[in-house]
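Q: can't give you the sequence, but here's the structure:
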């Protein structure tokens, strides 16, 4: 499972003009605290687009049906994003995501 980011990188890197996108895909499982994969990048060393995708990917994984588990409620997923702020997720981007999610939920 951990290899999917590297596989995505290899596929995209081989397509002309998608090198920047390939690096975004490669680093979307890095953690803000530096304990992620594949390179153990942390903080602002992680491309900003990868930090955004990390939050969206985690939220999607939590709130959609998977063969190995049921989705969690919207509020529980938001709580998990809040709890991961500063460790798993960029705290500024997590705060923006949570603000946008509250507006979307109300709207």
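A: Sure, I can see it. Computed from a predicted model, the values in this text were never measured in an experiment.

Q: Contacts for stretch 67-75, please.
A: Residues outside stretch 67-75 that contact it (C-beta atoms under 8 Å, 6 or more residues apart in numbering) are 62-65, 80, 101, 105. For the C-beta atoms, the positions are set from N, CA and C on the backbone; glycine is no exception.

Q: Can you add neighbour count and give these back as a markdown table?
A: Shown next, in a markdown table, are the contacts of stretch 67-75 (neighbours: other C-beta atoms under 10 Å):
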| residue | neighbour count |
| --- | --- |
| 62 | 19 |
| 63 | 15 |
| 64 | 11 |
| 65 | 8 |
| 80 | 17 |
| 101 | 17 |
| 105 | 10 |
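
Q: Between these, which has the least confident prediction?
A: Taken together, the contacts of stretch 67-75 show their lowest pLDDT at residue 105, with 68.

Q: low-scoring pLDDT stretches of this protein, where are they?
A: Along the chain, segments meeting pLDDT under 70 span 1, 105, 107.

Q: Secondary structure and distance to residue 88 for the contacts of stretch 67-75 - can I get that in CSV?
A: CSV is the format used below for the contacts of stretch 67-75 (DSSP: H, G, I helix; E, B strand; the rest coil; distance: C-beta to C-beta, whole Å):
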residue, secondary structure, distance to residue 88
62, helix, 12
63, helix, 16
64, coil, 18
65, coil, 22
80, helix, 9
101, helix, 16
105, helix, 22
